[in-house]
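Student: dropping a prediction and its sequence here:
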Amino acid sequence: MILITPSTRGMWTLFKKELLRFWRVAFQTVASPVVTSLLYLLIFSHVLEGHVQIYPGVAYTAFLIPGLMMMSLLQNSFANSSSSIIQSKVMGSIVFLLLTPLTFLEFFIAFLSASVIRGLAVGLSVYLVARWFVEIPLVHPIWIIAFALLGSALMGAFGIIAGIYAEKFDQMAAFQNFIIMPLTFLSGVFYSIHSLPPFWQKVSQINPFFYMIDGFRYGFFGVSDVSPWLSIMVVGATFLLLAWLTLKMLKSGYKLRG
C-alpha cells in the first residue's frame, strides 16, 4: 500500500496525471510499439532463422526477442517524459506546473516513475505477444527485472533532460533520430557484437545501450557478450550521472522559468 500524505499528494497527483496521459491513448503508446516490434520479429526471424547462430542452443528468433523488448522499453520510457515536457512547454501549460509547491525532486520522481511504468508495460506486452512464436527461457529473472528497471529509469531521466532542453518539436525529433535510434540499432539488438570486426566491437563497448541490452538478454539465456556485473555497473553509473544532471537542471529552472 502506497502511503499518501499531504506532503506527497502533489507528487502523487502529477504521477497519476502522467500515467493517465499515456494510458488514455494506449493504442498509440503501448499497442503501436508492440506491433512495430512484432514486424521486426517476423521479418528478421524469417530471413535469418537457420542462417545465424549466436549462442549455442539458442535459436535466432529467441535471441532476438529480448533485444526487441529492451529496445521498445527504452524508446517508450524516453518518449513518455520527453513528450510530456515538450508539449507542456510548447502549449504554455508548464507554468501551471511550476506554480505548484512541488519540489524539483518530487517533479523528477513523478515523471521518472510514469516513464518506468510505460516502458515496463510496453516491454512486457512485447514479451507476451512474442511467446506465441517461440518459447523463451527465464534463466535469471532477477537480472531481467534489474536491467528493465534501470534501463527504463535511465531513459526516463534522459527524456526529462531532452524535454527541458528542446524548445520545439523538431529539436525533440533530433534527439530521437540522431541519438536514440542510432544508439539502439548499434547496440546488439539484432546481432552479437562478437560477429563484428574488432574496431566496431570496441565502438559498441562505449555505447551504454549495448550494456542494457546485453545484460537484459543474459537474464533470459544465462550467456552474454560481456559480464552482467560489468553491464549493471555501466548502466547504474550512467543512470546516476543522468539523474544528477536532471536534478541539477530542474533545481536551476534551466529553460523552464522564462
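Tutor: Noted; the coordinates are in hand.

Student: now the longest helix seen in the chain: buried residues?
Tutor: What stands out as the longest helix in the chain, according to DSSP state H, is helix 60-91. For helix 60-91, burial by neighbour count (16 or more other CB atoms under 10 Å) applies to 60-86, 88-89. Any C-beta I mention is one placed from the backbone N, CA and C, and that applies to glycine too.

Student: ditto for stretch 187-206
Tutor: Residues of stretch 187-206 classed as buried: Ser187, Gly188, Val189, Phe190, Tyr191, Ser192, Ile193, Ser204 (neighbour count, 16+ other CB under 10 Å).

Student: now do the same end-to-end measure for that stretch.
Tutor: 10 Å (CA to CA, to the nearest Å).

Student: quick one: average pLDDT of it?
Tutor: Regarding stretch 187-206, the rounded mean pLDDT is 88.

Student: let's number from 155 now, not from 1
Tutor: All right, first residue 155 from here; so that's stretch 341-360.

Student: what about that stretch, distance to the chain center?
Tutor: Computed by CA atoms, centre = their mean, to the nearest Å, the chain-centroid distance of stretch 341-360 equals 20 Å.

Student: next: stretch 187-202.
Tutor: 19 Å.

Student: mind saving the C-alpha coords of that stretch as CSV?
Tutor: Taking Å, rounded to 0.1, in the frame of the first residue of the first chain, the C-alpha atoms of stretch 187-202 are listed here in CSV:
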residue,chain,number,x,y,z
PRO,A,187,5.3,-0.1,-30.4
VAL,A,188,4.3,-3.8,-29.8
VAL,A,189,3.1,-4.0,-33.4
THR,A,190,6.4,-2.4,-34.6
SER,A,191,8.4,-5.0,-32.6
LEU,A,192,6.3,-7.8,-34.0
LEU,A,193,7.1,-6.7,-37.5
TYR,A,194,10.8,-6.6,-36.8
LEU,A,195,10.5,-10.1,-35.3
LEU,A,196,8.6,-11.5,-38.3
ILE,A,197,10.9,-10.0,-40.8
PHE,A,198,14.3,-10.8,-39.2
SER,A,199,13.4,-14.2,-37.9
HIS,A,200,12.0,-15.2,-41.3
VAL,A,201,15.2,-14.0,-43.1
LEU,A,202,17.8,-15.1,-40.6
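
Student: what residues are up against the residue nearest the centre of the chain?
Tutor: For the chain, the residue nearest the mean C-alpha position is Leu228 (1.8 Å; CA atoms, centre = their mean). Going by CB atoms under 8 Å, 6 or more residues apart in numbering, Leu228 touches Gly273, Gly305, Ser306, Leu308, Met309, Ile334, Thr338, Phe363, Met366.

Student: OK, contacts around the closest residue to the second one other than its chain neighbours?
Tutor: If I follow you right, that is Gly305. With sequence-adjacent residues excluded and distances taken as CB to CB, 6 or more residues apart in numbering, Gly305 is closest to Met366, at 4.4 Å. Taking CB under 8 Å, 6+ apart as the criterion, Met366 is in contact with Met224, Leu228, Phe301, Leu304, Gly305, Leu308, Ser341, Ser385, Val389.
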